[in-house]
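Student: here's my sequence, what's the structure:
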Amino acid sequence: MAEVNTDKNKDDGKKGKQKKMTVRVDFTPMVDMNMLLITFFMLCTSLSKPQTMEISMPSKDQVTEAEQTKVKASKAITLLLGEDNKIYYYFGEPDYEHVESLKQTDYSPTGLRDILLARNFDVVQKMKELKLKKLDKEISEDEFKKQASEIKGSKDAPVVLIKATDDASYRNLVDALDEMQICNIGKYAIVDITDGDKFLVDNLKSGGELTKQIARSNPKK
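Tutor: As a prediction, the model looks like this:
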């Protein structure tokens, strides 16, 4: 409520003298109104639920160095997470003699994602068809999960090995795992980087000088 106070003095009797008025607004009732509005919105508004991502990761002891070599070369992808948001990768088994066997990319949509989508093309197409069936209510949620698991785990699906160097950040690992979900990669594992992988990275950075040094120190007879 507003209250108007008029100040009176001995000069009020003079003609032409304006009266001084003080306006005071009482905001006390607004406090009750604000509390009612807050209570109303708390009761009528649903709180946002935390967004989580399910990650199906095999245990570390399931992927050994010996088992890695058994993976079909045409389907294996090894990612080496490096410094400054760089990713080094190679297909199949490592090639220590040819520096161009190790390639470099980044986490942009035209980087790692394009590579994974190209290698996982058949699975991605089948997953799109399966999602359409789910949207059209041709299959149930349980049936969708079952078929999706079978598609991602098929023998033709690629296997991705994720290895982080000492220069990689935790964010890099999270971004790599995100790309596994986006690209429908069903078979992937986080494993320790080997000395051979470190050699590949160092050799690429040096432009193949390490390979040349080894060749000079071990000349063929």
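
Student: following element in sequence after the least confident helix or strand in the chain by mean pLDDT, please.
Tutor: The weakest-scoring helix or strand in the chain, judged by mean pLDDT, DSSP states H and E, is helix 65-68 (a mean of 52). For helix 65-68, the following helix or strand on the C-terminal side (DSSP states H and E) is strand 76-81.

Student: distance check, G208 against K187.
Tutor: 32 Å (Cβ to Cβ, to the nearest Å). Every residue, glycine included, has its C-beta placed from N, CA and C.

Student: neighbour count winner among the two?
Tutor: K187 (20 against 15; other Cβ atoms under 10 Å).

Student: count of neighbours near the spatially closest residue to I77 that is not a sequence neighbour?
Tutor: Distances taken as Cβ to Cβ, 6 or more residues apart in numbering place V160 nearest to I77, at 4.8 Å, with adjacent residues excluded. By the criterion of other Cβ under 10 Å, V160 has 24 neighbours.

Student: thought K187 was touching V160, still the case?
Tutor: Yes - between V160 and K187 there is a contact at 7.1 Å, judged by Cβ atoms under 8 Å.

Student: what bits of this structure have low per-residue confidence?
Tutor: Residue ranges of the chain with pLDDT under 70: 1-21, 23, 46-72, 219-221.

Student: mind running it again at 80?
Tutor: The chain contains residues with pLDDT under 80 at 1-31, 41-74, 213-221.

Student: can you give me the strands for it?
Tutor: 2-7, 20-25, 76-81, 87-91, 103-105, 159-164, 187-190 (DSSP state E).

Student: what separates the fifth one from the chain centre, distance-wise?
Tutor: Strand 103-105 has its average C-alpha position 19 Å from the chain's average C-alpha position, going by Cα atoms, centre = their mean, to the nearest Å.

Student: got a list of contacts for that strand?
Tutor: K86, I87, Y88, Y89, Y90, G111, L112, I115, L204 (Cβ atoms under 8 Å, 6 or more residues apart in numbering).

Student: for that strand, which strands pair with it and how are they oriented?
Tutor: strand 87-91 (antiparallel) (DSSP bridges).

Student: what's the neighbour count on the nearest residue to R113 once chain neighbours are set aside?
Tutor: Sequence neighbours aside, E179 is the residue nearest to R113 in space, at 5.7 Å (criterion: Cβ to Cβ, 6+ apart). Each residue near E179 was counted by other Cβ under 10 Å, and the total is 22.

Student: same deal with the one 5 residues further on?
Tutor: Residues contacting N184 under the criterion other Cβ under 10 Å number 19.

Student: ok, now the one 4 residues further on?
Tutor: Burial of Y188, expressed as a neighbour count using other Cβ under 10 Å, amounts to 25.
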